[in-house]
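J.: Task: produce atomic coordinates for the following.
(one chain, ligands or ions: 1)
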Amino acid sequence: MITLYTWTTPNGRKVSILLEELGLAYEVKPINIGKGEQFSPEFVAVSANSKIPAIVDDAAPGGPLAIFESAAILTYLADTHGGFLAREGPARWKALEWLAWQVSALGPILGQLGYFVGRAPEKLPLAIGRFTEETERLLGVMDRRLGEAPYLAGDNYSIADIAAYPWTSGAFGMLAPVLGEKLAAFGNIRRWLDVVGARPAVVKGMAVPAV
Ligand SMILES: N[C@@H](CCC(=O)N[C@@H](CS)C(=O)NCC(=O)O)C(=O)O
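T.: This next block holds a predicted model:
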């Protein structure tokens, strides 16, 4: 059995989406990061960096395995269960390329924008301006890619799309008042959001954890 440690945030939902896509049985352990549960010794034993998501796979090859960092978890699950990541060839490297881009660029920049717009105790125009500008640049990069190919890795839906979906739907949803009319320029992303968001596993994964 796989245990998923997660919360109601984009990084956690990447993993619940993939678990749903793969049709795997999993147990959800909500970690309320608003209440500091990510710092409990029990959770740190699973996720050394005190961040969700993390998994423990009791049936891992070679014995129970704990993994944190969403990119590592997605790659592990896709490789172990044979889905949404090509075994070899250009499609594999394109998926890993866009997965790395999502975890190193799109996610952190949107996370910082969300913080400075919504949660920072002080409104700092310089920080909001900087992260808005970089968000628009990154969405431009993604829109151009989705103008060349239906999915981030190319012809097939992959863990790169799964990683990008919860963050991008947040940018077009919660962050729409900040990003404003600029979003209208990203028609390829809108087409992709509609296609990916209509997948039953994505709908189910986005509702995890049910708290
Ligand atoms: N690079 C990590 C980022 C994980 C991350 O930032 N998780 C957030 C929730 S989306 C978290 O646990 N935050 C708790 C905290 O910062 O204390 C990944 O991709 O898994």
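J.: ok, so what distance separates the residue lying closest to residue 100 once chain neighbours are set aside from residue 34?
T.: Distances taken as CB to CB, 6 or more residues apart in numbering place residue 71 nearest to residue 100, at 6.8 Å, with adjacent residues excluded. In short, each C-beta sits where N, CA and C put it, glycine included. Computed as CB to CB, to the nearest Å, the residue 71 to residue 34 distance reads 24 Å.
J.: Please say which of those two ends up with more neighbours.
T.: Between residue 71 and residue 34, residue 71 has the larger neighbour count (other CB atoms under 10 Å), namely 19 against 9.
J.: Buried ones in the longest helix along the chain, by neighbour count?
T.: Counting by DSSP state H, the longest helix found in the chain is helix 125-148. Across helix 125-148, burial judged by 16 or more other CB atoms under 10 Å covers 127, 128, 131, 132, 134, 135, 138, 139, 142, 143, 145, 146.
J.: Please apply the same query to stretch 153-164.
T.: Buried residues in stretch 153-164 (16+ other CB under 10 Å): 153, 154, 156, 157, 158, 159, 160, 161, 162, 163, 164.
J.: now, among these, which is nearest to the ligand?
T.: residue 163 (8.1 Å; CB to the nearest ligand atom).
J.: Surely the closest one is in contact with residue 102?
T.: Yes. At 4.3 Å, residue 163 and residue 102 qualify as touching, with contact defined as CB atoms under 8 Å.
J.: okay, and the common contacts of those two?
T.: Listed as contacting both residue 163 and residue 102 by CB atoms under 8 Å, 6 or more residues apart in numbering are residue 71.
J.: Residues touching the helix or strand bottoming out on mean pLDDT in the chain, excluding its own?
T.: Sorting the helices and strands of the chain by mean pLDDT, DSSP states H and E puts helix 176-179 at the bottom, at a mean of 90. With contact meaning CB under 8 Å, 6+ apart, helix 176-179 is reached by 113, 117, 128, 132, 135, 136, 139, 171, 183.
J.: What pLDDT does the model give the residue nearest the centre of the chain?
T.: In the chain, the residue lying closest to the centroid (CA atoms, centre = their mean) is residue 163, at 3.5 Å. Note on residue 163: pLDDT of 98.
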